[in-house]
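Undergrad: compute the structure for the input listed below.
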Amino acid sequence: MFLFIQRWHKKIGIFIVIFVIFLAISGIALNHSEKFKLNTTFIKMEWLLDLYQISPNSEPIAYPSYNNNWITQLGQRVYFNDIEIITNVENLIGVVYINNTFVVGYDGKLMVLTEDGKLLESLSGAEGVPAGMKAIGVDDKDNVIIKSAHGYYRVNLDILNWNEHDLLSANWSDTSNNISEKLRIAIFNEYRGKGLTIERVLLDMHSGRVVGKWGTYFMDLVAILMLVISATGIWMWLKRRQ
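TA: So this is what the prediction gives:
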């Protein structure tokens with residue numbers, strides 16, 4: 001009996017030690033996730049992105065602007081051409097070009113960008129952006145016009161002056177389906193490339209979730225075998241003591 005248990009203890013132990021080494025190394029890495037930048041380093045492997053089904057659940061909403069630049073929403077992310085500029089966006093309203101800057105309207109906020117997409121200023125309700133923004137445009141005097149749930153506003157962004165009106169006409173920003181296939185693919189790849197971190201994969205490998213429910217069951221089995229190894233090891237040690 002003792003020899004039988006000893007033989008299987010060794011066989012199971014060799015199998016288990018591989019997982020112990022992995023769990024130890026990855027566990028240490030996860031404890032220092034920020035230091036190792038695991039939470040900000042993204043996976044680029046296509047097969048792993050496919051495994052996690054990292055893809056947007058909607059088509060891009062694209063607004064054309066000055067000099068063939070595009071502001072596009074894909075999922076909850078917004079892009080200046082193929083560069084991500086905003087995350088966690090529910091509703092992109094539009095974009096206008098004025099005074100050598102792009103003014104982007106979204107979720108009751110305005111973002112002012114340089115001609116190459118760099119952030120200059122971000123404005124919200126605290127700076128006077130009206131609630132319930134429905135559209136953004138520009139009038140014939142190059143003023144930004146906002147249509148909101150409560151009326152129309154002519155905006156002076158230099159002094160943050162908001163003049164309310166019952167009705168204003170403007171060249172309203174509107175979506176377009178003419179976005180090039182090249183840009184569409186670039187935005188899609190950028191979206192996928194920032195959807196999965198090393199930290200998330202390591203955490204899922206710890207639990208087995210990386211391959212679905214069967215992976216979880218497998219890691220449960222590994223944990224049970226660790227308990228068996230521990231129990232048989234203690235039992236054999238006690239037998240030798242006797």
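
Undergrad: gap between the two ends of stretch 148-164?
TA: 10 Å (C-alpha to C-alpha, to the nearest Å).

Undergrad: which positions in it come out as buried?
TA: Residues of stretch 148-164 classed as buried by neighbour count (16 or more other C-beta atoms under 10 Å): Ser148, Tyr152, Tyr153, Arg154, Val155, Leu157. Glycine gets a C-beta too; all of them are placed from N, C-alpha and C.

Undergrad: then stretch 226-242?
TA: Going by neighbour count (16+ other C-beta under 10 Å), the buried part of stretch 226-242 is Met226, Val228, Ile229, Thr232.

Undergrad: confidence score at the last one?
TA: According to the predicted model, the pLDDT of Thr232 comes to 73.

Undergrad: what sits closest to the residue nearest the centre of the chain if chain neighbours are left out?
TA: Note on the chain: the residue nearest the mean C-alpha position is Gly195, at 4.9 Å, using C-alpha atoms, centre = their mean. Closest residue to Gly195 apart from its sequence neighbours, by C-beta to C-beta, 6 or more residues apart in numbering: Ile54 at 3.8 Å.

Undergrad: if I read this right, the one you found contacts Thr197, doesn't it?
TA: No - if you go by C-beta atoms under 8 Å, Ile54 and Thr197 don't touch, sitting 10.8 Å apart.

Undergrad: so what are the domain limits for the chain?
TA: Following automatic domain parsing, one gets these domains for the chain: 2-41+197-241, 61-178.

Undergrad: can you show me the strands along the protein?
TA: For the chain, the strands defined by DSSP state E occupy 61-64, 70-74, 77-80, 83-86, 92-98, 101-106, 109-113, 119-123, 135-138, 144-148, 151-156, 161-165, 171-172.

Undergrad: how about the closest residue in space to Ile61 that isn't next to it in sequence: which residues does it bridge to?
TA: Leaving aside its sequence neighbours, Ile61 sits nearest to Gln73 (C-beta to C-beta, 6+ apart; 4.5 Å). Counting by DSSP bridges, Gln73 is bridged to Ile61, Val78.

Undergrad: ok so, going back, now render the domains of the chain as a markdown table, adding distance to Trp47.
TA: Shown next, in a markdown table, are the domains of the chain (distance: least, C-beta to C-beta, whole Å):
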| stretch | distance to Trp47 |
| --- | --- |
| domain 2-41+197-241 | 12 |
| domain 61-178 | 21 |
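
Undergrad: which of those domains comes out lowest on mean pLDDT?
TA: Looking at the domains of the chain, the weakest mean confidence is domain 2-41+197-241, a mean of 78.
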